[in-house]
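Asks: Output the structure for:
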Amino acid sequence: MTILGSDQRGLVRMIAAVVEQHGGSWVESRLARLAGHFAGVIRVECPTAGRDALEAALSNLEAQGLRVTLIREPIQVVEAAPRVVCEVLGNDRPGIVRELTDAIARCGGNVEELVTDVESAPMSGDLLFRARGVVSFQDPASIALLQSAIEQLSDDLSVSIIHS
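Replies: Predicted coordinates for the structure are as follows:
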């Protein structure tokens with residue numbers, strides 16, 4: 001499910017309570033507060049008998065100002081691919097996320113998770129772009145190409161690849 005709305009204290013606790021009350025199990029999530037709003041992607045497993053009641057209860061959260069989108073899918077077993085953690089730091093500029101993701105795709109990588117931020121540089125006050133992502137590869141040999149592909153985007157990018 002995805003949940004979007006104005007951030008408010010106790011929001012995650014409220015969602016977790018609804019899931020538990022209807023026999024659901026909170027399996028995996030990515031939650032964030034961005035510009036005063038809450039955004040979450042949550043994977044919940046629920047016995048078939050309680051699924052309709054859980055979906056109705058989650059839809060009722062719209063009265064709390066939340067937009068809930070539910071997708072029913074059977075449990076899928078996904079084969080694990082080799083993964084790395086990629087950290088990038090450099091001067092911010094328009095198009096940097098597109099350039100970064102293009103470089104990852106050219107190397108055969110798939111972005112599984114990406115967190116980006118812009119902050120002031122300590123001495124100059126210039127804007128710095130910071131990204132941390134998890135990238136998977138079907139071909140482990142392609143991992144070696146990633147660091148140089150990102151570094152070639154600009155002279156000011158610092159790249160760190162951590163094998164996980």
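
Asks: element containing the residue positioned nearest the centre of the chain, please.
Replies: The residue lying closest to the centre of the chain (Cα atoms, centre = their mean) is residue 113, at 4.4 Å. Taking DSSP states H and E as the criterion, residue 113 maps to strand 109-120.

Asks: per-residue confidence averaged over stretch 62-75?
Replies: Averaged over stretch 62-75, pLDDT sits at 89.

Asks: That stretch: which residues count as buried?
Replies: Using 16 or more other Cβ atoms under 10 Å as the test for burial, stretch 62-75 gives 66, 68. The way it works is simple: take the backbone N, C-alpha and C, and place the C-beta from them, glycine included.

Asks: picking up where we left off before, list of residues touching the helix or strand that the strand holding residue 113 is followed by?
Replies: Sequence order places strand 127-137 as the next helix or strand after strand 109-120, per DSSP H and E. Strand 127-137 is contacted by residues 81-93, 96-97, 100, 104, 107-121, 143, 146, 164 when judged by Cβ atoms under 8 Å, 6 or more residues apart in numbering.

Asks: quick one: strands adjacent to strand 127-137?
Replies: strand 83-91 (antiparallel), strand 109-120 (antiparallel) (DSSP bridges).

Asks: contacting residues around the last one?
Replies: Strand 109-120 is contacted from outside by 30, 81, 83, 92, 97, 101, 104, 126-138, 142-143, 146, using Cβ under 8 Å, 6+ apart.

Asks: rerun at 7 Å
Replies: With contact meaning Cβ atoms under 7 Å, 6 or more residues apart in numbering, strand 109-120 is reached by 83, 92, 97, 101, 104, 127-137, 142, 146.

Asks: of these, buried ones?
Replies: Among the contacts of strand 109-120, those that count as buried by neighbour count (16+ other Cβ under 10 Å) are 83, 101, 104, 128-129, 131-137, 142, 146.

Asks: Thank you kindly, that will do.
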